[in-house]
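> A predicted structure for the sequence below; I have some questions about it.
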Amino acid sequence: MTPLEPASSSHARPVFVADESVDKQIADGLRRVGYDVLCVWELDPGLADEDVLALAVTQGAVLITADKDFGEIVFRQRRAAAGVLLIRLAGLSQYAKATLVVRTVQAHSGQLRHAFTVVTPAHVRVRRTP
């Protein structure tokens, strides 16, 4: 898979970069319903977090991750992000995680860009990034 063209409109359907902490079933589920997803494990396994974030920014993509370090990078280090979707779904099956993430993306797709969104089994919190 090759990187996608950067999104041309903030109203366009979001594009995603999935880092290595994201289950393959989540990427597959988003692809099945029509979202473009670049997967770090397919492109460049072992890519450093800063480089993963840079890839997402270059692509105009929302980063999907289960790695809390991205909160530190985006907020404390004030690194630019096109959006981050942090999934906190430990204990759920891969199928349940994929279903919940796909439903969350479908319900909140217009809010994910330029936001740090946290998804848990109980709620979704969307916070605008600086």
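Received, thanks.
> Next secondary structure element downstream of the longest helix belonging to the chain?
Using DSSP state H, we find that the single longest helix of the chain is helix 94-108. Downstream of helix 94-108, the next assigned helix or strand under DSSP states H and E is strand 115-119.
> what about that following strand, average pLDDT?
Confidence over strand 115-119 (mean pLDDT, whole number) is 95.
> Give me the contacts around it.
71, 74-75, 81, 83-89, 100-101, 104, 108, 111, 124-129 (CB atoms under 8 Å, 6 or more residues apart in numbering). C-beta here means a position set from N, CA and C on the backbone, and glycine is covered the same way.
> now for the next helix or strand after that strand, which elements pack on it?
Scanning forward in sequence from strand 115-119 by DSSP H and E, the next helix or strand is strand 124-128. Strand 124-128 is packed against helix 94-108, strand 115-119, with contacts defined by 3 or more CB pairs under 8 Å, 6 or more residues apart in numbering; DSSP states H and E.
> re the thing from before, what's the offset of the longest helix of the chain from the middle of its chain?
12 Å (CA atoms, centre = their mean, to the nearest Å).
> just stretch 110-129 next, same as before
For stretch 110-129, the distance to the chain centre is 10 Å (CA atoms, centre = their mean).
> Many thanks, I have nothing further to ask.
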